[in-house]
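Novice: Provided below for reference: sequence and predicted model.
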Amino acid sequence: AQTGSIKLLGLLNVNQLLSVMDVAYPRISDSSIEGNNLVVTASGKNDDVALGDAGGYIGNGKAVMVKNSDVTNVKEVKAPYHAGGYIGIMRSGSAAEAGDATGDLLNSVLGKILGLKELASVLQAASSKITNCKVAGTADGLTVTADSGFENAEGYAGGFVGEMQSGHVDNSANAVDSGKGTAVENLLKVEGLRYAGGFGGLVKAGAVAEIGAKSSILTKLVDLTGLLSLVNAFVPVISNASVNSVEKGFTVTVTGTLEKDSTNDADAGSAGGFIGCGTGVQISNSDVNKLQHTGVSEPKNLQQEDGSSYYGNDSAYAVNGYRYAGGYIGKAAMGSTAAIGGASVLDHVLSTTGLLSALTVVASIIDSSDVYGATGGFNVLATDGDGVTGKAGGYAGELLGVQIQNSNSYNFAHIIGRESAGGYVGTMEPGSAADVVKGLNVLGGLIKADNLLGVLQSFVPVIKNSETTCVPCGGAVRAQAESDDSIYRGLAGGYAG
């Protein structure tokens, strides 16, 4: 949506600016869609692998604010780039992208705003928010597919959103009897070329610095507390957004292969019952109910060395990825402070006491969010074609510096990986300081003896009050691959690989 050629550059009042932003960016409320075996397809154009977004309600949403608007009786959503049961891609807006004249207006006013409270209001207005909105599939189930068939393509698929770059989703209003709210109902299948999840394929933080692309307002901030309050607006927050399946459960599959992956994306190949890959994401009260029971061909002796039948065509899995696969999330990691706030901004405001606060903002947090398997148990597979890559877990394939509490995995049958496999998590490691604070020149000078322990603890993954259970007859956890001088493989454990 654009405002056309308006010339209002004299407006300097924040309230006036917010009114203009309401026109520049979509605001939708109380506008539900009832389909009749609804099928939504985006075909792309001229074989461009970066075109083609489809959603049951919105294809491409930038700085959208939607509330009390459902889409029901959806049969299929299909696109080559982003496909989501409700929205294909969800991201924050940029002042420069609000329309030529409007963009000039926003940047002009942004440059004259000095108050943090005023700036927070403007930035919040540019962040996407979806409240009390859900997608419901047909009685036979909803299928979401993002796969162009091209080797150099990406392909993000999610039962609710294909890719989420910051923003808030909160469906607490549709919770019943003090239960958890729902974002997806009657889900049958999600398939994405590189990312796939029951709720979202890829969920990551957006960039504050992009909002006022031509203004220097962010570099004027000298107060860390104020900056962090602004940055929080661009951390993806998901609350009460449970994913419910058809009666037999649903499946999540990454359809691409590592051998044909030319994207140079180290996180591609991530599949999860809720999210394929999440960085700097905060999730609460959002269950996965439930993952489908599929047939797995077991070795005659579960203890024998040859487990090739697990990886063959006779075995099928509820969650399948070529790098990471988890019953709830394929990979969860800390976000990057540089990506969220802009390295030049953070270099300017960070201090010894503020470093821990900055790290807290980008930590991934999951709270009170369970995954359930159908009768017979669910199966998870993480493997590539050459048999050396793949981390699998009943809850998560890989956790890097993530905080999880009161979040359980129930009723797994088989957790199969290559590098690692665990009943709860395949690989659990501290986050990388170099990745998290990429581009920051001040890090070395900020870490002193008195705060070293606190800084290190910020990177350590923590799991509290969270269990994993298998089927009554016993589950199988296996990681089969040979280690070499640089990489450990074949690590398996009942809880963690």
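Specialist: That came through fine.

Novice: okay, and for the stretch 1-150 of the chain, where does confidence drop off?
Specialist: Within the stretch 1-150 of the chain, the stretches with pLDDT under 70 are 1-25, 49, 93-126.

Novice: what are the ranges of the strands in it?
Specialist: For the stretch 1-150 of the chain, the strands defined by DSSP state E, counting those that start in this stretch cover 27-29, 33-41, 53-55, 58-62, 65-67, 71-79, 82-84, 87-91, 129-131, 135-137, 142-146.

Novice: tell me which residues form a beta bridge with the residue nearest the centre of the chain?
Specialist: Ranked by distance to the mean C-alpha position of the chain (C-alpha atoms, centre = their mean), the top residue is V203 at 2.2 Å. For V203, the beta-bridge partners under DSSP bridges are M164, G278.

Novice: which residues touch it?
Specialist: By C-beta atoms under 8 Å, 6 or more residues apart in numbering, the contact list for V203 reads 161, 163-164, 197, 236, 238, 275, 277-279, 281. (C-beta placed from N, C-alpha, C; glycine too.)

Novice: Please tell me how far it sits from A271.
Specialist: Computed as C-beta to C-beta, to the nearest Å, the V203 to A271 distance reads 13 Å.

Novice: shared neighbours, these two?
Specialist: Contacts common to V203 and A271, judged by C-beta under 8 Å, 6+ apart, are G197.

Novice: on that earlier part again, biggest separation within the contacts of V203, which pair?
Specialist: Spatial extent of the contacts of V203 (C-beta to C-beta) is set by the pair V161 and T279 at 15.0 Å.

Novice: Who has more neighbours out of the two?
Specialist: V161 (39 against 24; other C-beta atoms under 10 Å).

Novice: The more buried one and R91 touch, don't they?
Specialist: No. V161 sits out of contact with R91 when judged by C-beta atoms under 8 Å, with a separation of 10.1 Å.

Novice: I'd like the distance between the residue nearest to the centre of the chain and V169.
Specialist: 10 Å.

Novice: any shared contact partners between those two?
Specialist: 161, 238.

Novice: Who are the contact partners of D30?
Specialist: Contact partners of D30, counting by C-beta under 8 Å, 6+ apart, are 67-69.

Novice: now these as JSON lines including distance to S31 and neighbour count?
Specialist: Shown next, in JSON lines, are the contacts of D30 (distance: C-beta to C-beta, whole Å; neighbours: other C-beta atoms under 10 Å):
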{"residue": "K67", "distance to S31": "10", "neighbour count": "16"}
{"residue": "N68", "distance to S31": "8", "neighbour count": "14"}
{"residue": "S69", "distance to S31": "5", "neighbour count": "19"}
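
Novice: Looking at the residues you listed, which one is closest to Q403?
Specialist: K67 (29.1 Å).

Novice: Backbone dihedrals for A413, both of them.
Specialist: phi -110, psi -50 (degrees, to the nearest 10).

Novice: Just give me the neighbour total for the nearest residue to it once chain neighbours are set aside.
Specialist: Counting by C-beta to C-beta, 6 or more residues apart in numbering, A413 lies nearest to G377, which is 2.9 Å off, once chain neighbours are set aside. G377 has 25 neighbouring residues, counting by other C-beta under 10 Å.

Novice: and if you look at N37?
Specialist: Neighbours of N37 (other C-beta under 10 Å): 12.

Novice: Please report the distance of D367 from N465.
Specialist: 10 Å.

Novice: So for the two, which residue has more residues nearby?
Specialist: Ranked by neighbour count (other C-beta under 10 Å), D367 and N465 place D367 first, with 17 against 10.

Novice: which residues touch P236?
Specialist: P236 makes contacts with 164-168, 203-206, 278, 280-282, as judged by C-beta under 8 Å, 6+ apart.

Novice: try 6 Å
Specialist: Contact partners of P236, counting by C-beta atoms under 6 Å, 6 or more residues apart in numbering, are 164, 166-167, 203, 281.

Novice: which of those residues sit farthest apart?
Specialist: Maximum pairwise distance among the contacts of P236 (C-beta to C-beta): 10.6 Å, between G167 and V281.

Novice: ok, so of the contacts of D30, who is nearest K134?
Specialist: Closest to K134, out of all of the contacts of D30 and judged by C-beta to C-beta, is S69, at 9.3 Å.

Novice: is it true that that closest one touches R27?
Specialist: No. In this structure, S69 is not within contact of R27 by C-beta atoms under 6 Å, at 11.0 Å.

Novice: follow-up on the earlier one: make JSON lines from the contacts of D30 and add distance to G326 to it.
Specialist: JSON lines is the format used below for those (distance: C-beta to C-beta, whole Å):
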{"residue": "K67", "distance to G326": "31"}
{"residue": "N68", "distance to G326": "32"}
{"residue": "S69", "distance to G326": "31"}
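
Novice: Looking at these, spot the one nearest Y86.
Specialist: When those are ranked by distance to Y86 (C-beta to C-beta), S69 comes first, at 9.4 Å.

Novice: hang on, the earlier thing: just the buried members of the contacts of V203?
Specialist: Neighbour counting over the contacts of V203 (16 or more other C-beta atoms under 10 Å) leaves 161, 163-164, 197, 236, 238, 275, 277-279, 281 as the buried ones.

Novice: can you put the residues you listed in TSV and add distance to A153 and pLDDT?
Specialist: Shown next, in TSV, are the buried ones among the contacts of V203 (distance: C-beta to C-beta, whole Å; pLDDT from 0 to 100):
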residue	distance to A153	pLDDT
V161	19	98
E163	14	97
M164	19	95
G197	18	98
P236	24	90
I238	26	96
I275	20	98
C277	17	97
G278	21	95
T279	21	90
V281	24	91
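
Novice: nearest to D314, of these?
Specialist: G197 (25.9 Å).

Novice: check contacts around the closest one.
Specialist: Counting by C-beta under 6 Å, 6+ apart, G197 has contacts 158, 272, 274-276.

Novice: One more: G385?
Specialist: For G385, the contacting residues are 257, 259, by C-beta under 6 Å, 6+ apart.

Novice: Secondary structure element for it, which one?
Specialist: Taking DSSP states H and E as the definition, one finds G385 inside no helix or strand.

Novice: ok, how many other residues are close to N264?
Specialist: Close neighbours of N264, defined as other C-beta under 10 Å, add up to 6.

Novice: Next, give phi and psi for it.
Specialist: Main-chain torsions, N264, degrees, to the nearest 10: phi 60, psi 30.

Novice: Model confidence for it, exactly?
Specialist: pLDDT, N264: 86.

Novice: now swap in the one 3 residues further on and tell me
Specialist: D267 carries a pLDDT value of 94.

Novice: for the stretch 201-350 of the chain, which spans come out with low pLDDT?
Specialist: Along the stretch 201-350 of the chain, the parts satisfying pLDDT under 70 run over 206-233, 336-350.

Novice: Please enumerate the shared neighbours of D367 and N465.
Specialist: With C-beta under 6 Å, 6+ apart, D367 and N465 have common neighbours Q405.

Novice: how close does the residue nearest to the centre of the chain sit to G377?
Specialist: Taking C-beta to C-beta as the measure, V203 falls 27 Å from G377.

Novice: same deal with K78?
Specialist: With distances taken as C-beta to C-beta, K78 is found 30 Å from G377.
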